[in-house]
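[1] coords below, sequence missing:
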């Protein structure tokens, strides 16, 4: 990792944690941890979906691409409607191993509607249009995660859909959404997965400290992972990882999973 990349990540760490810790206020760190990390994952999959959506749209408008849609075959309004419809075709995302994110779960939907009054109706366009009644930001997040699980079998039973039960102050949840909106999962040289892993690692360590426990109880410290990587040099082959995911610390360019 270059010095510029590390500087970017370090600055991101400090800025995010300072704001997150302030939003936590008097909430227990163990409780708030689940809320923040779940939202970070939702932002990550939504950003990946949006990035893929932009790629598809560029291909649909590129005359030299196999997916090209010729505007000459449609009227102006019809052409734009056809493009929007094509962007909702799941196969485009599945072919690139990108999670399908339903309209209700897209980050822009959460960000734009997080501060609505209970009882407000939201029009959702997910292939067909339907009306969603906003009851609370916690319920909206739970419903969004539920839809992501429903449409992505690999995530079934994995996501933490307990935001309504947590009964966190509305200001903490809406503030966390504003904060996490600042995480840039697109970078000139860093991959989105690298940024996600780095933010997760840093936050887990800080939450562990806030709980008065050693970070090593929650994850393998970065210095230890770096030592393991240098020692075993996993340049090729598969990593046998019986220790509950700790092998994920081995960087992708050094290992084949």
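    Now that the structure is in, tell me what you want to look at. Bear in mind that the values here come from a model prediction, so they are computed numbers and not experimental data.
[2] any buried residues in stretch 144-156, and which?
    Under the neighbour-count criterion of 16 or more other CB atoms under 10 Å, stretch 144-156 has 144-145, 147-149, 152 buried. Bear in mind the C-beta positions are built from the backbone N, C-alpha and C, glycine included.
[3] what about those residues, which are in helices?
    Cross-referencing the buried residues of stretch 144-156 against helices under DSSP state H gives 144-145, 147-149.
[4] tell me how many other residues crowd residue 192.
    Neighbourhood size, residue 192 [other CB atoms under 10 Å]: 17.
[5] all strands of the stretch 101-250 of the chain, in order?
    121-126, 128-133 (DSSP state E, counting those that start in this stretch).
[6] and these, which is most packed in?
    A comparison of the strands of the stretch 101-250 of the chain by mean neighbour count, using mean count of other CB atoms under 10 Å, puts strand 121-126 on top with a mean of 13.
[7] which stretches of the stretch 151-257 of the chain have low pLDDT?
    Along the stretch 151-257 of the chain, segments meeting pLDDT under 70 span 213-223, 225, 234-257.
[8] I'd like the ones in helices among the buried residues of stretch 144-156 laid out as a markdown table, including pLDDT and distance to residue 205.
    Formatted as a markdown table, these follow (pLDDT from 0 to 100; distance: CB to CB, whole Å):
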| residue | pLDDT | distance to residue 205 |
| --- | --- | --- |
| 144 | 95 | 27 |
| 145 | 95 | 25 |
| 147 | 94 | 31 |
| 148 | 95 | 27 |
| 149 | 94 | 28 |
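[9] can you list the buried residues of stretch 144-156 in TSV and add distance to residue 52?
    TSV is the format used below for these (distance: CB to CB, whole Å):
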residue	distance to residue 52
144	18
145	20
147	18
148	15
149	19
152	14
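[10] ok, so of those, who is nearest residue 109?
    Closest approach to residue 109 among the buried residues of stretch 144-156 (CB to CB): residue 144, at 7.4 Å.
[11] for residue 41, see how far away the closest one is.
    11 Å (CB to CB, to the nearest Å).
[12] swap in residue 13?
    17 Å.
[13] leaving out chain neighbours, which residue sits closest to the residue nearest the centre of the chain?
    Centroid check for the chain by CA atoms, centre = their mean gives residue 44 as the closest residue, at 1.8 Å. In this structure, residue 44 finds its nearest non-sequential neighbour in residue 196, 4.9 Å apart by CB to CB, 6 or more residues apart in numbering.
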